[in-house]
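Enquirer: what shape does this take:
(one chain, ligands or ions: 2)
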Amino acid sequence: MKEMNLEENSSRKLQDSQAEANGDSHRISSSRFSSLLASKDRDYLLSQDGTQVKVSDLEGKVLGLYFSANWYAPCRSFTTQVLIGAYQDLKSNGSNFEIVFVSSDEDLDAFNTYRANMPWLSIPFSDLETKKALNNKFDVEAIPCLVILQPKDSKDEATLHDGVELLDRFGVQAFPFTKERLEELKLEEKEKHERQTLNNLLTNHNRDYLLGHPAPRQVPVASLVGKTIGLYFSSQWCLPGEKFTPKLISIYQKIKQMLVHKGNEDDFEIVFVSSDRDQAEFDSYFNSMPWLALPFGDPAIKTLAKHFDVKGIPCLVILGPDGKTVSKHGRNLINLYQENAYPFTEAQVDLLEKQMDEEAKSLPRSKNHAGHRHELTLVSEGTGGGPFICCDCDEQGSGWAYQCLECGYEVHPKCVRAVDRGSVRG
Ligand SMILES: [Zn+2]
Ligand SMILES: [Zn+2]
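Expert: Ligands and ions are numbered 1, 2, ... in the order given. This next block holds a predicted model:
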């Protein structure tokens, strides 16, 4: 009996290798995933409940290799907030898709805890060699990382490394993650932005107004058409917002004053797009703001964040009088130019950059700053500067800056504070 089995096995093996040599595509794709995911003494993966699933069962599927670890919060949140839902959607509509978890967990317990939430397959924790080989092969430098492999692509020509970004941006629409599909989606997105109007951004069939002060005042979205609008994505629990919101309020008021002089005070408005956690938090935050807001929890909030690809808050998106996007970097422009940034157009920014270059000519080449013990040197993008975070106000900057050449400390020119003469050494 035993001998017969052996013989059977060896003859099957021979057939397999002949099939490969003959270029049989099924065999090749199966061996493609096997060579990646199986080892010399393991031809299976673990399912969520711990049962073994043959690697060969993945044949013909679009495969996501999910590099992730329980100890890292961005991994956990991508797993629970994006990937599980996407996976379940794709499975329930019969898509030919599978995910294999490649763990960077520190120990078996952490791996098992993490994996217990995952409805897909995993490489056993003990197989360090296979995990290491996959990390190397796909050049995984940061997690979470989702590498997508196409079934009949033995040369990895269609492999995508940015599955995490693609799912964040397009959701399950990105399936089957081919280059053609992504081109289609990008085109759709572009057309959507070209069709963008204030009305289709800010209203839905249940609501055609925004909230104003005092509550419960309602302001029709239609009354904002033709104005420059800032969409302010923020929330009370967001730390950088604590510093930026008061600044934005004061600059908002300065822009309004500037416009009063020109007789068109109503040409500018800001709309708060809240990601606060509850109504009370929203109410208290919105009460501190002089502008309008979308109602707490409104479905438009998620849609807007997705539409403008908002990655972090606070974020200020500027819309022009025609409802089209003028800038997604309103926060940066406010920090750099304050009220002069208005109306945030490219032409205005060009003008301000030229002015700044002109003014920088009259700035001293070096300065002492009360917040730093070394002397600071004036740098521009061309001379060692570039985008930076100001060490004094914690906001972004670009272009001209005062930088400590010794330790990289960098501040906006406007943030340099004179040193009290008595304390200057030497
Ligand atoms: Zn600063
Ligand atoms: Zn220094």
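Enquirer: and residue 321, what helix or strand is that in?
Expert: Using DSSP states H and E, residue 321 sits within no helix or strand.
Enquirer: now do the contacts for it.
Expert: 226, 227, 228, 267 (C-beta atoms under 8 Å, 6 or more residues apart in numbering). No exception for glycine: its C-beta is placed from N, CA and C like everyone else's.
Enquirer: what about those residues, which are in strands?
Expert: Counted as lying in strands by DSSP state E, out of these, are residue 228.
Enquirer: phi, psi for the residue nearest to residue 162 when sequence neighbours are not counted please.
Expert: With sequence-adjacent residues excluded and distances taken as C-beta to C-beta, 6 or more residues apart in numbering, residue 162 is closest to residue 146, at 7.9 Å. Phi and psi for residue 146, reported as degrees, to the nearest 10, are phi -120, psi 110.
Enquirer: pull the contacting residues for residue 146.
Expert: Contacts of residue 146 by C-beta under 8 Å, 6+ apart are 64, 65, 66, 67, 83, 99, 162, 163, 164, 166, 167.
Enquirer: quick check: pLDDT value at it.
Expert: Note on residue 146: pLDDT of 98.
Enquirer: residue 385 too?
Expert: At residue 385, the model reports a pLDDT of 64.
Enquirer: still on that earlier bit, by neighbours, which of the contacts of residue 321 wins?
Expert: Neighbour counts for the contacts of residue 321 (other C-beta atoms under 10 Å) peak at residue 228, which has 20 neighbours.
Enquirer: okay, that one: pLDDT?
Expert: pLDDT, residue 228: 97.
Enquirer: that one bridge partners, please.
Expert: residue 268 (DSSP bridges).
Enquirer: would you confirm that it contacts residue 268?
Expert: Yes - the criterion here is C-beta atoms under 8 Å, and residue 228 meets it with residue 268 at 5.0 Å.
Enquirer: hey, what's in contact with both of these two?
Expert: 342, 343.
Enquirer: any regions of the chain where pLDDT drops low?
Expert: Per-residue confidence for the chain (pLDDT under 70) gives these ranges: 1-30, 382-385, 421-426.
Enquirer: list the contacts of the helix ranked longest in it.
Expert: Criterion DSSP state H: the longest helix present in the chain is helix 239-262. Residues from elsewhere that reach helix 239-262, judged by C-beta under 8 Å, 6+ apart: 232, 234-235, 265-268, 270, 288-291, 313-314, 316, 331, 334-335, 338-339, 342, 393-395.
Enquirer: check stretch 121-136 too.
Expert: 36-39, 42, 45-47, 53, 65, 67, 98-105, 108, 111-112, 115, 140.
Enquirer: show the end-to-end separation of stretch 222-233, please.
Expert: The first and last residues of stretch 222-233 sit 21 Å apart, counting by C-alpha to C-alpha, to the nearest Å.
Enquirer: what do you get for stretch 367-380?
Expert: Stretch 367-380 has an end-to-end distance of 15 Å (C-alpha to C-alpha).
Enquirer: what residue lies at the spatial centre of the protein?
Expert: With distances taken as C-alpha atoms, centre = their mean, residue 311 lies nearest the centre of the chain, 3.9 Å away.
Enquirer: name the helix or strand for it, please.
Expert: Here residue 311 is assigned to no helix or strand, by DSSP H and E.
Enquirer: ok, now the one 5 residues further on?
Expert: Secondary-structure element containing residue 316, defined by DSSP H and E: strand 315-319.
Enquirer: ok, the residue nearest to the centre of the chain to residue 218 distance?
Expert: Counting by C-beta to C-beta, to the nearest Å, the gap between residue 311 and residue 218 amounts to 31 Å.
Enquirer: contacting residues around residue 327?
Expert: Contacts of residue 327 by C-beta under 8 Å, 6+ apart are 317, 318, 333, 344, 345, 349.
Enquirer: surely the third one touches residue 340?
Expert: Meaning residue 333. No - at 9.2 Å, residue 333 does not count as touching residue 340 under the criterion of C-beta under 8 Å.
Enquirer: name the residue in these two with the higher neighbour count.
Expert: Counted by other C-beta under 10 Å, residue 333 and residue 340 do not tie: residue 333 has more neighbours, with 21 against 16.
Enquirer: any chance of a ChimeraX selection covering the buried ones in the contacts of helix 239-262?
Expert: Selection of buried members from these for ChimeraX, criterion 16 or more other C-beta atoms under 10 Å:
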select :232,234,235,267,268,270,289,291,313,314,316,331,334,335,342,393,395
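Enquirer: still on that earlier bit, so of the contacts of stretch 121-136, which ones are in strands?
Expert: Using DSSP E, the contacts of stretch 121-136 in strands are 45, 46, 53, 65, 67, 98, 99, 100, 101, 102, 103.
Enquirer: going by distance to ligand 1, which of the residues you listed wins?
Expert: residue 67 (37.1 Å; C-beta to the ion).
Enquirer: which ones are touching the residue nearest to the closest one when sequence neighbours are not counted?
Expert: Once flanking residues are discounted, residue 67 sits nearest to residue 145: 4.2 Å by C-beta to C-beta, 6+ apart. If you count contacts by C-beta under 8 Å, 6+ apart, residue 145 has them with 66, 67, 68, 138, 161, 163, 164.
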